[in-house]
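Q: coordinates for the following, if possible.
(2 chains)
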Amino acid sequence: MRTRILMVDDEKEFVEPLAERLALRDYDVTTSLSGEEAIEKIKATRFDVVVLDVSMPGMDGIDTLREIKRLRPILEVILLTGHATVDSAIDGLKLGAFDYLKKPCETEDLIVKIEQAYKVKSDREERIREARIKEIIQSPRSVLRRKPAGDGFLDD
Amino acid sequence: MSDRIAAAEDGIRFFGRVTASLSHEINNVLAIIYENSGLVEDLLLAAEKGRPLDSSRLKELAGRLKAQVRRGKEIVENMNRFAHSIDEPVNSLDLRDLLTLTVSLARRIVSMKEFEVEVEKVGKAVHVRTDPFLLQNLVWLCLDFLMEAGSSPDSIRLIPEEAGDEARIRFTGMKSVPSGADFPTQEQEILSKAVGARLSIIGGEMLLSIPQDVAVPPQRYKDTK
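A: Purely as a prediction, here's the structure:
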């Protein structure tokens, strides 16, 4: 299954070619031009990794990250930052971003980060699955107690 | 602290903010050029491996690259004009040009605050003889004030005009205009005094009135000549 990436950046001329380049490398890429749009897409669709610009009008990268982590705690986020906003990227790391890169970044560096982030997410999902299975085996009635998750098994 | 030192400090802060914003814009241009040229490389590599090459697509990407270079060139030219605005403490200028430059310099910051700012196209030149740098700084502070005090999204129109023996800039078109205790700010007052200008808010507009010829050399150089 292809890794599902959401690219979020207000500069259309930047995000569209980057998305196309990642698609050529066999990633399943969706784009958003704002934090608000990204949140709506995350509520509707499952992604594996988000690549998120820090500096955007309206809902900026940090506010978007905060909301992503509230909605989808195990969804990994890589921040992209311009030179003046490294402090924001560091704030993002403290809020749970996987890592950050400075724009413009080497494509291969971004791909390495995406693969690392995807692995962390997958490993975590696997551990959650195993823990849930163990819980069901030990206490079958726990299935009846569990509230259905918002849109899936893993993200509540 | 003397007004001269305060005006100089405001000027340094203004210079820093503008330069930081322009460097961020230039960085964005470089990032776009990088990705689009990388995409050209990727498509050519894919063609070498047998994927059909769409020449119209390559043409489109080449056009995008040129557009970004033009955008970068404009930013650098504005940066250069801004840097040189400090060359002369008093210079004759057309307010239309000064406002167009100041709005270009503020473009990224305005966009981040979800405002639109435009300079009204007026057919006639509006000449003043003043300190270009200090006046740009003052216009910037006025825009900043209106955006901070207003609510986005919103738009601001700047209209340069002659008003008797003065020139005037009207800041108009906003949904709401702040009034009262916080206006003018200390920085606005210092710079207004430095260029002999008056600031007021009347009938939903902010007005910046400037003498057409500065009677006294601006504060910046007062004690050095």
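
Q: point out where chain B drops to low pLDDT.
A: In the predicted model, chain B carries pLDDT under 70 at residues B:1, B:179-181, B:215-225.

Q: got the residues of it near chain A?
A: Taking CB under 8 Å from any CB of the partner chain as the criterion, chain B approaches chain A at residues B:20, B:23-24, B:27-28, B:30-32, B:34-36, B:38-39, B:42-43, B:46, B:61, B:64, B:68, B:111-114. Where you see a C-beta, it was placed from the backbone N, CA and C, and this is true even at glycine.

Q: helices or strands next to the lengthiest helix in chain B in the packing?
A: For chain B, the helix with the greatest residue count under DSSP state H is helix B:3-48. The criterion is 3 or more CB pairs under 8 Å, 6 or more residues apart in numbering or on different chains; DSSP states H and E, and the helices and strands that helix B:3-48 contacts are helix A:12-24, helix B:55-84, helix B:95-105, helix B:107-112, helix B:132-149, helix B:186-195.

Q: filter the residues of chain B next to chain A down to the buried ones.
A: Among the residues of chain B next to chain A, those classed as buried by 16 or more other CB atoms under 10 Å in any protein chain shown are B:24, B:27-28, B:31-32, B:34-36, B:38-39, B:42-43, B:61, B:64, B:68, B:112-113.

Q: need the residues of chain A near chain B, please.
A: Counting by CB under 8 Å from any CB, the residues of chain A near chain B are A:11, A:13-14, A:17-18, A:20-21, A:24, A:55-58, A:82-85, A:103-104, A:107.

Q: just the strands from chain A, written as ranges.
A: With DSSP state E as the criterion, chain A has strands at A:4-8, A:28-32, A:49-53, A:76-81, A:99-102.

Q: turn the ones you listed into JSON lines, including mean pLDDT and mean neighbour count.
A: Written out in JSON lines, the entries for the strands of chain A read as follows (pLDDT from 0 to 100; neighbours: other CB atoms under 10 Å in any protein chain shown):
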{"stretch": "strand A:4-8", "mean pLDDT": "98", "mean neighbour count": "24"}
{"stretch": "strand A:28-32", "mean pLDDT": "98", "mean neighbour count": "19"}
{"stretch": "strand A:49-53", "mean pLDDT": "97", "mean neighbour count": "26"}
{"stretch": "strand A:76-81", "mean pLDDT": "96", "mean neighbour count": "25"}
{"stretch": "strand A:99-102", "mean pLDDT": "95", "mean neighbour count": "18"}
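
Q: can you tell me the centre-most residue of chain B?
A: By CA atoms, centre = their mean, the mean C-alpha position of chain B lies nearest to B:Thr102, the distance being 2.5 Å.

Q: which residues touch it?
A: For B:Thr102, the contact set (CB atoms under 8 Å, 6 or more residues apart in numbering or on different chains) comprises B:Gln136, B:Val139, B:Trp140, B:Leu143.

Q: which of these sits closest to B:Glu88?
A: Each of those was scored against B:Glu88 by CB to CB, and B:Gln136 proved nearest at 13.0 Å.

Q: would you confirm that that closest one contacts B:Ser85?
A: Yes. Counting by CB atoms under 8 Å, B:Gln136 sits close enough to B:Ser85 to count as a contact (6.0 Å).

Q: remind me what the lowest-mean-pLDDT helix or strand in chain A packs against, helices and strands.
A: Each helix and strand of chain A was given a mean pLDDT (mean pLDDT, DSSP states H and E); the minimum falls on helix A:142-145 at a mean of 74. When contacts are defined as 3+ CB pairs under 8 Å, 6+ apart, helix A:142-145 sits against helix A:107-138.
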